[in-house]
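Novice: Requesting a structural model of the entry that follows:
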Amino acid sequence: MSFADATLRKRLTMVEKRIGFVETRMNNDNELANAMFTTLQQNYEELNNTVLHLKEQMCPKIEFVEKKREHTNKKEIVETVKHSHMLVSLGIKSEKKWTRDQVENLTIQFSKETGRVNRQLSDFTDQMNLQNSLLTKKYSEFKSELIGMNKDIKSDLQLMVTDIDNQIQVKLRQMNEAIIQNKKLMESQTHLINAQQAELEALKKEQVEVKHNLKSILICPEGWKMILENCYMYIQEKKTLSKARANCELVGGYLADIESQEENSLIIDKLGINGKSWIGYSDEEEEKQWVSFKTGRTASFTNFRKGQPDSGTLQNCVIVGYDSPMMYWNDWPCSYNESSICKKF
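Specialist: The predicted model follows:
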């Protein structure tokens, strides 16, 4: 991890902690506001209950007076009118005084409760304003910090982009230098290959000239026929492959290895091949790798009949003349007795 990546991760962690702190403070302020609102609601309910209680105390006295009036007959009213008037007057005065006292007390209590509620509302408002001010301040600080972090992040990213661009430029220069070196090396190798090719062509030309010169002085012994630059002998006596090889060596040659289509066709035509005859190849060491008995190299030319070779390890030697046309090759068991074609330089 690079220094810039570590710095960015550290700043992101600080931002996450700040956000968590602000969320916690906001949750605590919301809980305090809810508690104050609940207290205010409870005080209002207590005040309402006090008013209801005062009303309940006054109602029985009024009901007593009304019932007494309803159940008193006219005669009793007339006789006791003066006494009742006095009692009523006294009762009314007493009730008025009691009611006034209750109303005054209720007014005082209401005023006290109203003042207390107003103070609590004022305190709550002050606290809310304070919290709002603190939150506004925290928000401004947080916003400023985010802006600063954004600038730092942009600066770090710019540095990273510049660093990466520089690294890419260095890599490109190194690649270009390597390409130029490889190109020079390839040009050197090409010049060397061209020189070797020219040398090889000169050697081939010299080889043709030597062969041509030899051909002009070469006389094949009796019983041999010259085909191209070599002498060939067709031995019709049938022998196994090993005996046919030995017989070719006995007459001064070797079992023929055929190296081109032209040589193949001329041998069949000039020697008058009319039956199965051994030639000098075998795949005994590695299946379908036909190796010359003379050179020990894999054949550069083959002329197998369609469907041949076909018998795996059972037929490791090669014949021509299995059937017409005689020029095609077949793989063949080495222990069979067949005619043979000998060759010598």
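Novice: for the stretch 201-345 of the chain, what spans make up the strands?
Specialist: With DSSP state E, counting those that start in this stretch, the ranges of strands along the stretch 201-345 of the chain come out as 225-227, 230-239, 254-255, 277-282, 291-292, 317-320, 329-332, 338-344.
Novice: For residue 32, find the nearest of those.
Specialist: strand 291-292 (102.0 Å; Cβ to Cβ). (Glycine included, C-beta is placed from N, CA and C.)
Novice: now that closest one: mean pLDDT?
Specialist: Regarding strand 291-292, the rounded mean pLDDT is 97.
Novice: tell me which helix or strand of this protein sits lowest on mean pLDDT?
Specialist: Taking mean pLDDT, DSSP states H and E as the measure, the helices and strands of the chain show their lowest mean at helix 74-79, namely a mean of 54.
Novice: Which of the strands of the stretch 201-345 of the chain has the highest mean neighbour count?
Specialist: Neighbour counts (mean count of other Cβ atoms under 10 Å) averaged over each of these peak at strand 317-320, with a mean of 26.
Novice: Are there helices or strands packed against that one, and which ones?
Specialist: Strand 317-320 sits against helix 261-271, strand 277-282, strand 329-332, with contacts defined as 3 or more Cβ pairs under 8 Å, 6 or more residues apart in numbering; DSSP states H and E.
Novice: how about the ones you listed, which one is nearest residue 344?
Specialist: Each of the helices and strands packed on strand 317-320 was checked against residue 344 via Cβ to Cβ, and the shortest separation belongs to strand 277-282, namely 11.7 Å.
Novice: Neighbouring strands - and their directions - for the closest one?
Specialist: Strand pairing for strand 277-282, using DSSP bridges, gives strand 291-292 (antiparallel), strand 317-320 (antiparallel), strand 338-344 (parallel).
Novice: about what we covered before: need the helices and strands packed on strand 317-320 in CSV with mean pLDDT and distance to residue 310, can you?
Specialist: Shown next, in CSV, are those (pLDDT from 0 to 100; distance: least, Cβ to Cβ, whole Å):
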stretch, mean pLDDT, distance to residue 310
helix 261-271, 97, 20
strand 277-282, 97, 16
strand 329-332, 96, 7
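Novice: what would those look like in JSON lines with distance to residue 169?
Specialist: What follows is the helices and strands packed on strand 317-320, written out as JSON lines (distance: least, Cβ to Cβ, whole Å):
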{"stretch": "helix 261-271", "distance to residue 169": "60"}
{"stretch": "strand 277-282", "distance to residue 169": "62"}
{"stretch": "strand 329-332", "distance to residue 169": "64"}
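Novice: looking at it, residue 277 is touching residue 340, isn't it?
Specialist: Yes - under the criterion of Cβ atoms under 8 Å, residue 277 lies in contact with residue 340, with a separation of 5.8 Å.
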